[in-house]
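> need a 3D model of the following:
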Amino acid sequence: MRRCVLWFLLLPSLFLGLAACGGSRPAVAVNVTETSTTVPVNGTDFFSASVINSSNQTVTWAVMGGAANGTIDSTGTFHAPASVPANPQVTITATPAAAPAIMGQASVTITISLSVSPQAAFVQTLATKPFSASVQGSSNQVVTWQVNGVTGGNIAVGTISSSGLFQAPESVPSNTSGQTVTVTVSAISQANMSVSGSAIVTVTSPNQLKENTPVKLGSSGGNVDDETSTECAGGTLGSLVVRAGTQFILSNNHVLARSDAGTVGEGIIQPGLIDLTNGTMPTPCDTASGIFTTVGHLSQFTNLELQPNPLADAAIAQLVSGTVDSSGNIIELGAGSTNGVPDDGPPASTTLPVASLVPNATAVAKSGRSTGLSCSTVESVNGSFRVQYQKGLGGPNFTATYNNQVAVNGGTFSAAGDSGSLIVSQAGGQPVALLFAGSDTNTIGNPVATVLSSLADSSNNMPTFVGPASRGAVAGCTSAGADAFGATASQTAAAKPSAAEISRADAAKNQSAPQLMSDPSVLAVGVDGSLDRPEHAAIVVFVQQGQPLSHAIPHNISGILTRIVSAPAQTKTGILSRASTAELLKNSRAMLAHPTAQDLAAATSVKEKYSPSLMQQHGIVGVAVTSSLDNPSEAAIIVYVEEGKPQPSIPLEFDGVRVRIKLTSPIRAYGWGHPRSRM
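Next up is the predicted model:
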């Protein structure tokens with residue numbers, strides 16, 4: 001009995017002993033984390049520590065190697081040294097107060113840093129701006145300058161010298177949505193190519209500024225009432241015309257007459273409401289500032305909404321005496337230049353008829369509010385286009401369909417706010433069309449002959465352009481801007497032929513090659529994509545440069561399109577593989593010939609026959625006459641299809657005329673890509 005009691009007395013002590021030997025507390029530990037793995041010299045980084053298995057979270061921070069590697073304060077804020085240490089990888093430690101014998105640590109790499117000055121700048125087209133770069137933490141101050149990631153830049157976004165002198169491009173850069181955009185100037189350290197600094201540059205055009213009176217044309221302007229409580233509009237005061245001895249400003253209805261919402265007599269101002277400021281940039285609709293000039297009063301405009309097929313989007317405003325340059329000068333549209341900047345100049349008074357325009361060959365220019373001077377080529381003529389409108393700013397939307405229009409290559413030829421600009425020939429400044437709409441791939445203009453006839457007075461007097469009968473070429477387009485947006489560059493090629501389509505083309509090529517190569521001028525035959533129909537394959541026929549074909553090559557062979565390419569005489573001959581075809585295309589070029597006036601006229605007749613039914617199909621926004629990209633010597637019908645919509649089934653030919661497809665965004669006559677300004 002006594003032995004049992006003894007055991008019970010000993011058990012509690014035994015349990016206490018076991019607990020003391022095998023159940024010790026978990027060890028204290030510390031985790032250290034950093035905000036960034038690299039820190040520039042003189043920069044800061046932030047560290048945090050978490051003490052595990054202790055309620056005491058206090059730690060002591062230290063930098064291994066001492067102050068030469070930087071310092072860290074009690075909050076964990078690390079201050080990098082002024083120069084890169086011999087070992088750029090620096091270790092930071094945290095010692096917990098709860099367990100001073102242990103520590104946690106993390107590493108950061110000290111790098112040089114680079115800053116660009118100024119960090120932001122406004123630079124007018126063709127003007128220069130010096131930038132400087134400072135490399136901290138290195139004796140090597142040499143940098144490589146880039147614009148939008150391109151060393152030295154280019155003519156589209158601006159160029160920059162090895163010393164950092166930026167020269168703005170000839171036109172304000174814009175994206176494919178027709179919205180003007182900034183560019184980025186960067187400096188990359190040659191001491192460490194992973195280190196760079198940058199600045200944002202906003203390129204502006206002189207056309208956006210308030211002009212001293214008498215104001216020049218091509219400048220910002222619009223209707224003084226074209227505003228709502230939250231938005232305001234603006235466009236371009238395009239050119240000067242005279243009718244029965246009285247001078248008028250010519251622009252669009254939707255710029256001067258608010259898309260049919262205007263009333264004769266309303267004030268026309270320069271600059272437009274969108275460009276008014278009170279010292280900040282920008283302040284819309286700041287009419288209280290009084291920094292605009294009333295340059296005219298709305299006199300006449302074509303009707304847009306009530307006519308199913310308006311002739312033109314046009315309006316004129318009678319001048320307020322002394323406020324507008326009576327010689328008709330348009331900003332930077334002159335035939336000369338001064339210190340590299342194009343002179344202002346009037347257009348020729350004689351117009352260039354649509355019948356004389358050669359698609360993808362006739363070079364044109366314009367000077368407008370948003371992009372300034374820009375240059376390109378006519379893409380198509382005699383076009384039917386469905387154009388979206390907004391009646392007044394913030395009003396209901398409506399659509400107008402135009403016929404016999406001119407389209408210009410490239411979504412960057414114009415941007416929102418360029419509406420009303422006069423499109424002229426580069427060769428002689430002859431008026432071609434009045435810019436009124438666009439998309440991400442094109443600009444659309446009313447032929448000037450139609451514009452002038454639609455603005456005749458009650459006595460049938462038509463306006464004429466103020467300017468000399470003839471003049472020289474547009475100087476600003478002779479280099480940087482000349483044909484900057486060619487036909488092939490603007491061709492949407494997102495679609496690619498399927499593998500099955502390529503296989504069909506290869507079979508057709510192999511079958512037809514002997515007959516094709518029986519022509520002495522044919523050097524080789526291969527397969528690649530069609531340029532007219534990017535989703536289709538094409539049999540590529542390489543023709544010797546300067547040698548005429550003895551017989552015509554069909555537009556398609558067994559349902560596969562043909563593509564004609566000019567190649568040098570020493571070209572590899574025979575039936576080519578796809579790889580050989582692609583290689584040969586790099587050293588070849590499209591045929592240099594263009595369609596004749598007779599070919600274009602014949603294609604226009606075919607287009608008129610089929611365009612009414614085509615325009616009724618969902619997704620088709622335009623049908624026009626152009627040259628084929630698969631054979632530039634031939635005329636073609638071009639069908640503009642809204643991107644993202646189901647593509648309708650369209651034949652490869654209409655009555656023997658090639659059919660080209662181009663994807664585009666909706667065509668608008670107001671502010672595409674820019675919600676606060678009219679196009």
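> how many other residues sit next to the residue nearest to V150 when sequence neighbours are not counted?
Counting by CB to CB, 6 or more residues apart in numbering, V150 lies nearest to V157, which is 7.5 Å off, once chain neighbours are set aside. For the C-beta atoms, the positions are set from N, CA and C on the backbone; glycine is no exception. Burial of V157 is recorded as 21 neighbouring residues (other CB atoms under 10 Å).
> wait, V157 touches P169, no?
Yes. Assessed by CB atoms under 8 Å, V157 is found in contact with P169 at 6.0 Å.
> which SS class is R25?
The three-state label given to R25 by DSSP: H, G, I helix; E, B strand; the rest coil is coil.
> same check on A187?
Going by three-state DSSP: A187 is strand.
> how about L273, phi and psi?
Reported as degrees, to the nearest 10, the phi and psi values for L273 are phi -60, psi -40.
> now do the buried residues in the helix or strand hosting V406.
Using DSSP states H and E, V406 maps to strand 397-409. Within strand 397-409, the residues scored as buried using 16 or more other CB atoms under 10 Å are 400, 402-409.
> quick one: which of these is nearest to T294?
Among the buried residues of strand 397-409, A400 lies closest to T294 (CB to CB), at 29.1 Å.
> mind pulling up the pLDDT for that closest one?
Note for A400: predicted pLDDT of 93.
> residues in contact with it?
Residues near A400 by CB atoms under 8 Å, 6 or more residues apart in numbering: 304-305, 307, 309-310, 313, 386-387, 389, 669.
> and if you look at T236?
By CB under 8 Å, 6+ apart, the contact list for T236 reads 207, 218-221, 251, 255, 368-369, 417-421, 435.
> who wins for neighbours among the contacts of A400?
The most neighbours of any of the contacts of A400, using other CB under 10 Å, belong to D313, which has 31 neighbours.
> now it, what's its secondary structure?
Recorded secondary structure, D313: coil (three-state DSSP).
> quick one: mean pLDDT for stretch 383-391?
92.
> how far does that stretch sit from its chain's centre?
Centroid separation for stretch 383-391 versus its chain: 21 Å, with CA atoms, centre = their mean, to the nearest Å.
> what does the pLDDT read for G394?
75.
> same question for P26.
Value for P26, per-residue pLDDT: 87.
> cool, and V424?
98.
> surely it touches A363?
No. At 10.1 Å, V424 does not count as touching A363 under the criterion of CB under 8 Å.
> tell me the phi and psi of V241?
When read as degrees, to the nearest 10, the backbone of V241 gives phi -130, psi 160.
> ok, it - contacts?
By CB under 8 Å, 6+ apart, the neighbours of V241 are 247-250, 316, 452, 455, 463-466.
> and which of these is nearest S665?
Looking across these and measuring by CB to CB, the closest to S665 is L250, at 27.3 Å.
> three-state assignment of that closest one?
At L250 the chain is in strand, as set by three-state DSSP.
> do the same with G476
G476 is classified as helix under three-state DSSP.
> any idea how far V424 is from the nearest residue to it once chain neighbours are set aside?
Spatial nearest neighbour of G476, chain neighbours left out: P342 (3.5 Å); criterion: CB to CB, 6+ apart. Distance, P342 to V424, by CB to CB, to the nearest Å: 13 Å.
> overlap in contacts, these two.
What both P342 and V424 touch, as defined by CB under 8 Å, 6+ apart, is the set 333, 474.
> the more surrounded of those two?
For P342 versus V424, the count of surrounding residues by other CB under 10 Å is larger for V424: 29 against 26.
> for the helix or strand where that one lies, packing partners?
Using DSSP H and E, V424 falls within strand 422-425. On a contact count with 3 or more CB pairs under 8 Å, 6 or more residues apart in numbering; DSSP states H and E, strand 422-425 meets strand 363-368, strand 431-438.
> mind listing what's buried in that strand?
For strand 422-425, by 16+ other CB under 10 Å, it's 422-425.
> what about the spatially closest residue to I575 that is not a sequence neighbour, how many neighbours?
Using CB to CB, 6+ apart and skipping the chain neighbours, the partner closest in space to I575 is A513 (4.8 Å). By other CB under 10 Å, 20 other residues sit near A513.
> which SS state does A513 fall under?
A513 is classified as helix under three-state DSSP.
> would you agree it is in contact with V525?
Yes. Between A513 and V525 there is a contact under CB under 8 Å: 4.6 Å.
> can you list residues touching both of the two?
Common neighbours of A513 and V525 (CB under 8 Å, 6+ apart) are I575.
> per-residue confidence for the residue positioned nearest the centre of the chain?
Residue closest to the average C-alpha location in the chain (CA atoms, centre = their mean): N175, at 1.8 Å. We have a pLDDT of 71 for N175.
> with adjacent residues omitted, what lies nearest to it?
Nearest residue to N175 in three dimensions, chain neighbours excluded: V181, at 5.1 Å (CB to CB, 6+ apart).
> neighbours of the one you found, how many?
16.
> so who does the residue nearest to V150 touch?
Contacts of V157 by CB under 8 Å, 6+ apart are 147-148, 150, 169, 173, 183.
> P310 now?
302-304, 400, 402.
> let's see 10 Å
253, 260, 302-304, 387, 389, 400-403, 446, 450, 454 (CB atoms under 10 Å, 6 or more residues apart in numbering).
> may I have the longest strand along the chain exported as PDB, CA atoms only?
For the chain, the strand with the greatest residue count under DSSP state E is strand 372-390. What follows is strand 372-390, C-alpha atoms only, in PDB (Å, rounded to 0.1, in the frame of the first residue of the first chain):
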ATOM      1  CA  GLY A 372       0.600  70.500 -88.800                       C
ATOM      2  CA  LEU A 373       2.200  69.900 -92.200                       C
ATOM      3  CA  SER A 374       2.000  66.200 -93.300                       C
ATOM      4  CA  CYS A 375       2.600  64.500 -96.600                       C
ATOM      5  CA  SER A 376       1.500  61.300 -98.200                       C
ATOM      6  CA  THR A 377      -0.100  59.900-101.400                       C
ATOM      7  CA  VAL A 378      -3.600  59.500-102.800                       C
ATOM      8  CA  GLU A 379      -4.800  56.000-102.100                       C
ATOM      9  CA  SER A 380      -8.100  55.900-103.900                       C
ATOM     10  CA  VAL A 381     -10.500  58.000-105.900                       C
ATOM     11  CA  ASN A 382     -14.200  58.000-106.800                       C
ATOM     12  CA  GLY A 383     -14.900  56.500-103.400                       C
ATOM     13  CA  SER A 384     -18.200  55.900-101.700                       C
ATOM     14  CA  PHE A 385     -17.900  56.200 -97.900                       C
ATOM     15  CA  ARG A 386     -20.200  55.900 -94.900                       C
ATOM     16  CA  VAL A 387     -19.200  58.600 -92.400                       C
ATOM     17  CA  GLN A 388     -20.300  58.900 -88.800                       C
ATOM     18  CA  TYR A 389     -21.300  62.400 -87.500                       C
ATOM     19  CA  GLN A 390     -22.400  64.000 -84.300                       C
END
